[in-house]
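Quick one, what's the 3D model for this:
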Amino acid sequence: MAGGHRADFKNPVVKWVDERLPIFTMVKAEYGVFPTPKNFNYFWNFGAIAMVMLTIMIVTGITLAMHYAAHNAHAFDSVERIMRDVNYGWLIRYVHANGASFFFVAVYIHIFRGMYYGSYKRPRELLWMFGVLIFLLMMGTAFMGYVLPWGQMSFWGAQVITNFFSAIPLVGEGIVEWLRGGFSIANPTLNRFFALHYLLPFVIVGVVVLHVWALHVTGSNNPLGIDVKGPQDTVPFNPYYTIKDTFGLIVFLAIYAIFVFFLPNTLGHPDNYIPANPLVTPAHIVPEWYFLPFYAILRAFTFGVNIYIALGLLCAAFAMWPIFAAKDKNEINFKMVSIAFAVAGLFCLLGYFSQYELASGDMALALPASAAFVSAKLCGVLAMFGAVAILFVLPFLDSHPVRSAVFRPWFKIAVLLLVADFFVLMLCGAKPAEGFWVPLSQVAMLYYMAFFIVVIPLLSKIEPVADLPDSIHQAVTGNHKSSVSS
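This next block holds a predicted model:
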């Protein structure tokens, strides 16, 4: 930037620094006069809110680390000492613990906004992928942080989660020992989890920088999902959206403060106030609430893959192939696709009921060669990780020319059903894996997977294309009426 344009600052100190290191010029260009679509709604606040929550988590986390003892004999006591003896330690811990939950709230809303308004579509594919990577890093950081208090739920949660990797054929047991640093959850596990929990937030900051950088290259999406046509479609980021973001942040932090000061343990688990005891298993092991939907997907697999389910999956792949390969709906033979899906469903039901055990101990359906060659545990682990990983390929699954659900009524219904499905999975994950909750979680898991693998590719080909506004300005001033063409 040696020969680049520099902003004119009146403050002599700022001007002196900027002449030698144009940091203030860069900030003004990227966050001051940066042209932003003029039709943002309050869903666009949550990116800034997530950045504030990340900052709060890092500051409080560093402070807590100064007083925490990463040793299995002292970890629980050090947390209690922070609560009792460290000046405002109770406040710092509650801000940090509840901050994790509210950080996930902001990010989940941010992800929903991106999906609903098509922010993952061209040219923002890489921007979306950086966001999903941030989400994955958050999940890893949060899991390891959950272990650090060394309470009963922390200990047994780590026991269950790390044991998932034992489902991987051949190398699973070795991976589990490597993660734990031994044959069981103990001091080496706590040490490495503490080190990684301290490190990963700074990795997240690095990816956030790339995320914001990609945003400022492609520009922001907007509720209409149409491109900016000129200066009439934009306003400067400051003061218009700094004020709007500030208002949204104040409301969000006010709700956050209610939990910190009045409901500090509502989002946690009471068993974590009991020191970790490897000899006593809690009656019901659950992760934090923000992991519950994925935990429900894991537990939904009470069945493995046998020959019938394998044939069903093969038929489903055969049904999806023409949908992926077709350029438009006229190239799809819907009769053949429907038959293939019906056959796939029949085979999967046969495979499921051939493994469904009745109260008497017999199988609901006695079929030859019904033994599973891929275990239920491995299927659950793959589905749980796949439920997050599939977000990476979402930009390539949706080829519909319209971005926003505002102009895609079928897609809008599918996304809103996915939100409801997500809450159903969250409820199922919080309940014991028995009775009514098991089939409910299986149905909810089926829709979650079908949304990405079947619904989105299908709607990309068959959903009518709406008549979009010529510009954001035209839509904002009310000079456009939407119509839909086939």
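
Would you map out the domains in the chain?
30-269, 296-475 (automatic domain parsing).

can you list the ones you listed in TSV and add distance to residue 277?
(Each C-beta comes from the backbone N, C-alpha and C, glycine too.) Below are these laid out as TSV (distance: least, Cβ to Cβ, whole Å):
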stretch	distance to residue 277
domain 30-269	6
domain 296-475	21
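
Before we move on, what's the pLDDT of the residue lying closest to residue 30 once chain neighbours are set aside?
Nearest residue to residue 30 in three dimensions, chain neighbours excluded: residue 216, at 5.7 Å (Cβ to Cβ, 6 or more residues apart in numbering). pLDDT, residue 216: 92.

From residue 450, how far out is residue 216?
36 Å (Cβ to Cβ, to the nearest Å).

Of those two, give the one with the bigger neighbour count.
residue 450 (16 against 13; other Cβ atoms under 10 Å).

A strand includes that one, no?
No. Using DSSP: H, G, I helix; E, B strand; the rest coil, the assignment for residue 450 is helix, not a strand.

now the end-to-end length of stretch 69-80.
11 Å (Cα to Cα, to the nearest Å).

now the chain, which segments are flagged as low pLDDT?
1-4, 479-486 (pLDDT under 70).

the strands in it, which residues?
35-37, 234-236, 465-466, 484-485 (DSSP state E).

Of all the ones you listed, which one comes closest to residue 170?
strand 465-466 (48.9 Å; Cβ to Cβ).

Just give me how far the closest one sits from the chain centre.
29 Å (Cα atoms, centre = their mean, to the nearest Å).

what do you get for stretch 401-415?
20 Å.

Likewise for stretch 67-80?
30 Å.

What residues sit buried inside that stretch?
Residues of stretch 67-80 classed as buried: 68, 69, 70, 72, 75, 76, 78, 79 (neighbour count, 16 or more other Cβ atoms under 10 Å).

With stretch 391-401 instead?
Applying 16+ other Cβ under 10 Å to stretch 391-401 flags 391, 394, 395, 397, 398, 400 as buried.

Stretch 374-392 now?
When burial is assessed from 16+ other Cβ under 10 Å, stretch 374-392 yields the following buried residues: 374, 376-384, 387, 390-391.

same deal with stretch 220-229?
Under 16+ other Cβ under 10 Å, the buried positions of stretch 220-229 are 220, 221, 222, 223, 224, 225, 226, 228.

Backbone torsions only: list them for residue 402.
Main-chain torsions, residue 402, degrees, to the nearest 10: phi -100, psi 130.

hmm, back to that, biggest separation within the buried residues of stretch 220-229, which pair?
Going by Cβ to Cβ, the pair spanning the buried residues of stretch 220-229 furthest: 223 and 228, at 13.1 Å.

So residue 75 sits against residue 69, correct?
Yes. Using Cβ atoms under 8 Å, residue 75 is in contact with residue 69, at 5.9 Å.

Now that residue 274 has come up, it's in contact with residue 154, right?
No. Residue 274 is not in contact with residue 154 according to Cβ under 8 Å; the separation is 10.0 Å.

So the two - more neighbours on which side?
residue 154 (26 against 16).

Just list the residues touching the closest residue to the more buried one other than its chain neighbours, thanks.
Closest residue to residue 154 apart from its sequence neighbours, by Cβ to Cβ, 6+ apart: residue 147 at 4.9 Å. With contact set as Cβ atoms under 8 Å, 6 or more residues apart in numbering, residue 147 has these partners: 154, 155, 157, 158, 189, 190, 193.

I'd like the residues you listed laid out as a markdown table, including distance to residue 127.
Output for the contacts of residue 147, formatted as a markdown table (distance: Cβ to Cβ, whole Å):
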| residue | distance to residue 127 |
| --- | --- |
| 154 | 35 |
| 155 | 39 |
| 157 | 33 |
| 158 | 33 |
| 189 | 35 |
| 190 | 36 |
| 193 | 31 |
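
Of those, which is the most crowded?
residue 155 (29 neighbours).

what's the distance between that residue and residue 65?
Relative to residue 65, and taking Cβ to Cβ, residue 155 is found at 20 Å.

And residue 170, by the same measure?
On the measure of Cβ to Cβ, residue 170 and residue 65 end up 37 Å apart.

same check, this time on residue 230
50 Å.

Run through the residues that contact the closest residue in space to residue 103 that isn't next to it in sequence.
Ranked by Cβ to Cβ, 6+ apart and with sequence neighbours excluded, the top spatial neighbour of residue 103 is residue 53, at 4.1 Å. Residue 53 makes contact with 99, 102, 103, 106, according to Cβ under 8 Å, 6+ apart.

I'd like those laid out as TSV, including neighbour count and distance to residue 60.
Shown next, in TSV, are those (neighbours: other Cβ atoms under 10 Å; distance: Cβ to Cβ, whole Å):
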residue	neighbour count	distance to residue 60
99	23	7
102	23	12
103	22	11
106	23	16
